[in-house]
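Participant: Got a sequence here, can you build the structure:
(one chain, ligands or ions: 2)
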Amino acid sequence: DNQIKKAFCDKKFEFKREITLEKSRAKRLVLNEERKKLPIYAFRDEFLQAVNDHQIIVIVGETGSGKTTQIPQYLHEDGYTKHGRMIACTQPRRVAAMSVAARVSQEMGVKLGHEVGYSIRFEDCTSEKTVVKYMTDGMLLREFLAQPELDSYSVVMVDEAHERTLSTDILFGLVKDVARARPDLKLLISSATLDAEKFSNYFDLAPIFKIPGRRYPVEIQYTKSPEANYLDAAVVTTLQIHATQSPGDILVFLTGQEEIETVEQILKHRVRGLGTKIAELIICPIYANLPTELQAKIFEPTPEGARKVVLATNIAETSLTIDGIKYVIDPGFCKMKTYNPRTGIESLLVTPISKASAMQRAGRSGRTGPGKCFRLYTAYSFQNDLDDNTSPEIQRTNLANVVLTLYSLGIEHEKLLRFEFMDPPPADAIKKAMELLYNLGALNGQGKLTKVGRRMAEFPLDPMLSKMIVASEKYKCSDEIISIAAMLSVGNSIFYRPKDKQVHADNARLNFHSGDVGDHIAYLNVFNSWKETNYSSEWCYENYIQVRCMKHARDIRDQLAGLLERVEIELISNSNDLDAIKKSILSGFFPHAAKLQKNGTYGRVKHLQTVHIHPSSGLAEVVPRLVLYHELVLTTKEYMRQVTEIKPEWLLEIAPHYYQLNDVEDSSSKKMPRGCGLAH
Ligand code: ADP
Ligand code: MG
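Facilitator: Residues are numbered from 1 along each chain as shown. Ligands and ions are numbered 1, 2, ... in the order given. Next up, the predicted model:
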């Protein structure tokens, strides 16, 4: 009897497996047909011939023509990976790198991470087998540290070049140099916009390969008068389209996760209010921190009779192509980094987009048929308020991180000043970066990289964070510091606050702050408590903590532990000495000190800038005299996020080259405490 049962089970199993295999075979057949329909397909042979004939090629083709997914496959099929070398394809955004790699692995019928993989900061999904590697531009930049001539690659494709991210711009200079040293390396610069001449000129007149795209007409509608609230307007427009327009999916451009979640909630609520008379509206958010499973959802075909609305950040402008979009809603804003090289202050600001961006966004609706774009601003505003183009990131960002990377690649001082930038950064910005690195001890008085600097460069983090980690050796608390660094790297979404349980959530959060230890130590408490529960998810739910963020933090922490070993810093715990931990943090973040002023606000020490403690901080009600902060965010006010109290004498102990006695003296009459060991 048992034997029969077993035979039956085996048969059933075999049958199941066959169905699965059959399914994936069928899926591949479908995908193969889809590949052939892409505009680039007709130019496959011509393209491969061009790559054969030239070392460097600039490729231009509309979003969705198949550049990112097809070119690496064509090159692979044509034998460019034969000699054990890989094809690299860089993306400015990690979501794009992951999602495209997933797609290409399906098209090739292989498991993600095997022949096709991706590499993003703190996550390497590649293996010995990998031949096609999608990666962020920042990761390729870091690979130069280990292999200055990129020996493991036969082709480097710098994709989405038009985005002109900081890392892409630096890569331009580096790959151009490697191409001279390695005639066998093929270099592809690909862009979705038509300013290819500029790239071609920069790369010694490299030929331009154009992929003619199909484009359908897009009807553009403006609002008659400016919108007071573009989120509301976006919701209303979405519902109007859904109720009155012919079938076709909607793409809404928003500036970030918070906006997307807000709009998602309002939409869900309103749709429920409409009852069952109206067709189903499937809401799909997409942003960098969205879990991978949910990211895939935006690509699922919309069921008959329903309509999909994709709520996306700028990522959907050119990096990702979603089929079936017929309507675009463009509120006209994006989040953009701005940096003031004079003050060294960097902020992420919601800013109006450029005309070029607006055109790209509109274009998303006319890929598979005529489309419509609803601009939530006036025609006058488009003409008069929007810049023509977005300035390259290199001209509006803090350069400390790349300057440190370039230094450790041997591009120091004069060489750095002679570096071939496509558009040079403001001279002040390089000076400011060198100044910060000098103050952190990464450069010496002669402008040379120090041992501290070399160690810092090993960490894929901002220099202040790397310095905090390197300094933990001295304070014997590396164990605690890497946990804090990992938590800080995960970002601000660790604690969540459901609308109906805000009081519970806040209480849970404050538990980690007991003793007014500050936000950094609170992060440490969260991490350690979670570890004590053996990384329990249950515990996270009970404490209103995002499991996903914690797991991510644990991964990052493991990697930081590995890097500590590389720079030969022992993993030591000093959990009872909170002052040592705070001093270690201060060693990296002393430029971020702020002092309580008479009027109750804070002033950045040495910078005459008024700042406030963010209401989410555990110290918001405590109001300490002197604090350090992790970052500034500008919303209604300039807020300090992640704040820890420090002692005035620590500033003079840790950064005597930066602060003088009068900087830290209490302006509100009280004198410095006696006997704090100052040589004055
Ligand atoms: P380009 O790089 O020229 O903008 P892509 O190669 O990214 O074009 O896109 C080609 C096609 O592949 C598009 O039709 C798009 O829908 C599809 N595609 C790309 N990425 C994915 C994905 N992650 N899932 C499903 N389809 C995808
Ligand atoms: Mg692409």
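Participant: what's the longest helix in the chain?
Facilitator: helix 2-37 (DSSP state H).
Participant: low-confidence ranges in the stretch 401-550 of the chain?
Facilitator: When residues are selected by pLDDT under 70, none of them lie in the stretch 401-550 of the chain.
Participant: which residues in it form helices?
Facilitator: Shown for the stretch 401-550 of the chain, the helices assigned by DSSP state H, counting those that start in this stretch span residues 413-417, 427-439, 451-457, 463-471, 478-490, 502-511, 519-532, 537-542, 547-566.
Participant: for the stretch 251-400 of the chain, same thing?
Facilitator: Going by DSSP H, counting those that start in this stretch, the stretch 251-400 of the chain shows helices at 257-274, 292-295, 315-318, 355-363, 379-385, 400-408.
Participant: can you pull the buried residues of the third one?
Facilitator: Think helix 315-318. Neighbour-count burial for helix 315-318 flags 315, 316, 317, 318 (criterion: 16 or more other C-beta atoms under 10 Å). Where C-beta positions appear, they are placed from N, C-alpha and C, glycine not excepted.
Participant: Surely residue 111 and residue 104 touch.
Facilitator: No: here residue 111 lies out of contact with residue 104, judged by C-beta atoms under 8 Å, at a distance of 12.0 Å.
Participant: Which residue of these two possesses the greater neighbour count?
Facilitator: residue 104 (24 against 13; other C-beta atoms under 10 Å).
Participant: so which helix or strand takes in that one?
Facilitator: helix 94-108 (DSSP states H and E).
Participant: Just confirm yes or no for that helix near ligand 1.
Facilitator: Yes: with C-beta under 6 Å from any ligand atom as the criterion, ligand 1 is reached by helix 94-108 at 99, 100, 102, 103.
Participant: of these, closest to residue 177?
Facilitator: residue 100 (27.0 Å; C-beta to C-beta).
Participant: so the closest one sits right up against residue 69, yeah?
Facilitator: Yes: Residue 100 is in contact with residue 69 according to C-beta under 8 Å; the separation is 6.1 Å.
Participant: Next up, the contacts around the residue of the stretch 51-200 of the chain found nearest ligand 2.
Facilitator: Ligand 2 sits closest to residue 68 of the stretch 51-200 of the chain, with a gap of 3.2 Å, by C-beta to the ion. Applying C-beta atoms under 8 Å, 6 or more residues apart in numbering to residue 68 gives the contacts 89, 91, 96, 100, 159, 160, 190.
Participant: Just the ones of these in helices?
Facilitator: Using DSSP H, the contacts of residue 68 in helices are 96, 100.
Participant: Just send the contacts of residue 68 back as a markdown table, with neighbour count and pLDDT too.
Facilitator: A markdown table is the format used below for these (neighbours: other C-beta atoms under 10 Å; pLDDT from 0 to 100):
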| residue | neighbour count | pLDDT |
| --- | --- | --- |
| 89 | 29 | 98 |
| 91 | 32 | 97 |
| 96 | 24 | 94 |
| 100 | 22 | 96 |
| 159 | 30 | 97 |
| 160 | 25 | 95 |
| 190 | 24 | 96 |
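Participant: Let me know whether residue 213 touches residue 66 as I believe.
Facilitator: No: using C-beta under 8 Å, residue 213 is not in contact with residue 66; the gap is 9.8 Å.
Participant: Between these two, which has more neighbouring residues?
Facilitator: A side-by-side neighbour count of residue 213 and residue 66, using other C-beta under 10 Å, places residue 66 first with 23 against 17.
Participant: pLDDT value on the more buried one, please?
Facilitator: Here, the pLDDT recorded for residue 66 equals 95.
Participant: which residues of this protein score low on pLDDT?
Facilitator: In the chain, residues with pLDDT under 70: 342-345, 666-680.
Participant: Write out the residues of it neighbouring ligand 2.
Facilitator: Listed as neighbours of ligand 2 in the chain under the rule C-beta under 5 Å from the ion: 67, 68.
Participant: ok, so what distance separates the most far-flung residue of the chain relative to its centre from ligand 1?
Facilitator: For the chain, the residue at maximal distance from the C-alpha centroid (C-alpha atoms, centre = their mean) is residue 1, at 59.3 Å. Residue 1 sits 48 Å away from ligand 1, going by C-beta to the nearest ligand atom, to the nearest Å.
Participant: I'd like to know how far that residue sits from ligand 2.
Facilitator: Distance, residue 1 to ligand 2, using C-beta to the ion, to the nearest Å: 59 Å.
Participant: How about residue 418?
Facilitator: Distance from residue 418 to ligand 2, by C-beta to the ion: 32 Å.
Participant: And residue 585, by the same measure?
Facilitator: For residue 585 relative to ligand 2 (C-beta to the ion), the value is 40 Å.
Participant: Residue 604 now?
Facilitator: 41 Å.
Participant: neighbours around that residue, how many?
Facilitator: 21.
Participant: so who does it touch?
Facilitator: Contact partners of residue 604, counting by C-beta under 8 Å, 6+ apart, are 592, 593, 594, 595, 611.
Participant: Figure out the helix or strand that the fourth one lives in.
Facilitator: Secondary structure here is read from DSSP H and E; on that basis residue 595 sits in strand 593-596.
Participant: Pairing partners for the next helix or strand after that strand, with directions?
Facilitator: Downstream of strand 593-596, the first helix or strand assigned by DSSP H and E is strand 602-604. If you go by DSSP bridges, strand 602-604 pairs up with strand 593-596 (antiparallel), strand 610-613 (antiparallel).
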